[in-house]
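> predicted model and sequence follow; I will ask about them next.
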Amino acid sequence: MKVSKEEILNFVKKMPHTSFSEFINEFGERIEGDFTYKNKEYENLIYWSGLSKEFFENLDKLLKEGKIEGTMHFRSMGILIYSTGGMTLNLPIANRFYNYKRPHWVPITFFAPGSVSKRGGKIS
């Protein structure tokens, strides 16, 4: 059974600052695949790999519809967020938007607009 846009949205609303490792822990085999989600302008900036194309397409639709937003974490902050979830990509972490010659990882977290403050704390 595949994961719907509504399931993704409900999970992000429930878990502000959702990482891909949290998506994997929540949905497991339902989102497994061999697709790589990457920046459209800089193809060697990788957001995540190893999930289904349909999952990433649903995530993209939610982003384009403004129902969720993403935050990119350059440098070491991203590794802290993802290591608490127990999963990282085995790639160097990108320091900025740049046309790297080899793949670099850009850790991302997702949230529903209005669910977190600009400082990252949850809004009551």
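Perfect, thanks for sending it.

> name the SS class of the closest residue to Glu41 other than its chain neighbours, please.
Excluding the flanking residues, the one nearest Glu41 by Cβ to Cβ, 6 or more residues apart in numbering is Phe97, at 7.8 Å. All C-beta atoms are positioned from the backbone trio N, CA, C, and that covers glycine. Three-state call for Phe97 (DSSP: H, G, I helix; E, B strand; the rest coil): coil.

> got it, and the one 5 residues further on?
State at Arg102, reduced to three classes by three-state DSSP: coil.

> and the residue nearest to it when sequence neighbours are not counted, how far from Thr84?
Excluding its sequence neighbours, the residue lying closest to Arg102 (Cβ to Cβ, 6+ apart) is Asn44, at 6.3 Å. Asn44 is 26 Å from Thr84, where distance means Cβ to Cβ, to the nearest Å.

> I'd like the next helix or strand past the longest helix belonging to the chain.
As assigned by DSSP state H, the longest helix anywhere in the chain is helix 53-64. Later in the chain than helix 53-64, the nearest helix or strand by DSSP states H and E is strand 69-72.
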